[in-house]
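Student: quick one, fold the following:
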Amino acid sequence: MIKNPFVGIAGNIGVGKTTFTKNLAEKYNWLEYYESVIDNPYLDDFYINMNRWSFNLQVYFLQHRFESQIKISNDNQGVIQDRTIYEDVEIFAKNLHMMGNMSNRDWKTYNNLFNNMVQFLKKPDLIIYLKASTDTILSRIRKRNRDFEKNINPEYIYQLNKSYNNWAKNEKNLKIVTFETDHFNIFEDEKQFLEMCHKIEDCLK
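Tutor: Presented below is the predicted three-dimensional model:
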């Protein structure tokens, strides 16, 4: 396995990225970087009125992940990041624009901002895409019972899932490995987790 890799964890809302990140960080002694969710000042408003708050929310996430990746570039050990900056533009902002919740003007501004930022960033050595069906994801969201997610639209999750699957299948500039997680419980399926780890190690050779 390469020394001090930069690994990203990708996947839809509620799929299990944070727990997977934590477990891999503990196994390999990697530094952990998490997306700003609980302290995000826009999420409550966004889930109530996506059209009004989509641009604000996506710019907040973009600047937070840009800040994290600047720090990652200066780290001298392996790093794992819960959701990457590439998902912001390729999945979330693009999906909001396609659904009519982000105007053409805001989408263009957001893309220009992303393109200017990303040229300064180090690409991940590997992105791990945790894939699950829309029904599985909605079930996991209900189980974790976050207040700001009670108003989440199932259609929004479904469209995100379609976008994630297309991105993981067609992305050419990033190395992505996909794990099906519909029948995977990270707290119980230790054997399957270790098999995933072996595949990750192979991908990082």
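Student: just checking, which helix or strand of the protein averages the lowest pLDDT?
Tutor: Lowest by mean pLDDT, DSSP states H and E among the helices and strands of the chain is helix 43-48, with a mean of 90.
Student: does I127 touch K175 like I think?
Tutor: Yes - using CB atoms under 8 Å, I127 makes contact with K175 at a distance of 6.7 Å. Just so you know, the C-beta spots here come from the backbone N, C-alpha and C atoms, and that holds for glycine as well.
Student: neighbour count for those two, which is higher?
Tutor: Between I127 and K175, I127 has the larger neighbour count (other CB atoms under 10 Å), namely 26 against 13.
Student: you'd agree the more buried one is in a strand?
Tutor: Yes - assigned with DSSP: H, G, I helix; E, B strand; the rest coil, I127 falls within a strand.
Student: so V59 sits in a strand?
Tutor: No - V59 is assigned helix when assessed by three-state DSSP, not a strand.
Student: in contact with the residue sitting nearest the centre point of the chain, which residues?
Tutor: What sits nearest the mean C-alpha location of the chain, by CA atoms, centre = their mean, is R83, with 2.8 Å. When contacts are counted by CB atoms under 8 Å, 6 or more residues apart in numbering, R83 touches G8, I9, A10, G11, K17, E35, R65.
Student: let's see 6 Å
Tutor: By CB atoms under 6 Å, 6 or more residues apart in numbering, the contact list for R83 reads E35.
Student: state the distance from it to T136.
Tutor: Per CB to CB, to the nearest Å, R83 is found 18 Å from T136.
Student: just N115 next, same as before
Tutor: N115 is 34 Å from T136, where distance means CB to CB.
Student: all helices of this structure, in order?
Tutor: Taking DSSP state H to define them, one finds helices in the chain at 17-28, 43-48, 50-73, 85-87, 94-98, 104-118, 134-144, 154-170, 190-203.
Student: can you say which of these is packed in most?
Tutor: helix 85-87 (a mean of 23; mean count of other CB atoms under 10 Å).
Student: list the contacts of that one.
Tutor: Here helix 85-87 makes contact (CB under 6 Å, 6+ apart) with A10, R65.
Student: repeat for stretch 135-154
Tutor: N12, G14, V15, L43, D44, Y47, I48, I157, D182.
Student: alpha carbons of that stretch, as PDB, please.
Tutor: Provided in PDB are the C-alpha atoms of stretch 135-154 (Å, rounded to 0.1, in the frame of the first residue of the first chain):
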ATOM      1  CA  ASP A 135     -35.100   2.500   0.200                       C
ATOM      2  CA  THR A 136     -32.000   1.400   2.200                       C
ATOM      3  CA  ILE A 137     -30.800   5.000   2.500                       C
ATOM      4  CA  LEU A 138     -34.200   6.400   3.500                       C
ATOM      5  CA  SER A 139     -34.400   3.600   6.200                       C
ATOM      6  CA  ARG A 140     -31.000   4.600   7.500                       C
ATOM      7  CA  ILE A 141     -31.900   8.300   7.600                       C
ATOM      8  CA  ARG A 142     -35.000   7.500   9.600                       C
ATOM      9  CA  LYS A 143     -33.000   5.400  12.100                       C
ATOM     10  CA  ARG A 144     -30.500   8.100  12.900                       C
ATOM     11  CA  ASN A 145     -33.500  10.500  13.500                       C
ATOM     12  CA  ARG A 146     -31.900  13.900  12.900                       C
ATOM     13  CA  ASP A 147     -34.300  16.800  13.200                       C
ATOM     14  CA  PHE A 148     -33.200  18.600  10.100                       C
ATOM     15  CA  GLU A 149     -33.700  15.500   8.000                       C
ATOM     16  CA  LYS A 150     -37.300  14.900   8.900                       C
ATOM     17  CA  ASN A 151     -38.400  17.100   6.000                       C
ATOM     18  CA  ILE A 152     -36.200  15.400   3.500                       C
ATOM     19  CA  ASN A 153     -37.900  14.700   0.200                       C
ATOM     20  CA  PRO A 154     -37.600  11.000  -1.000                       C
END
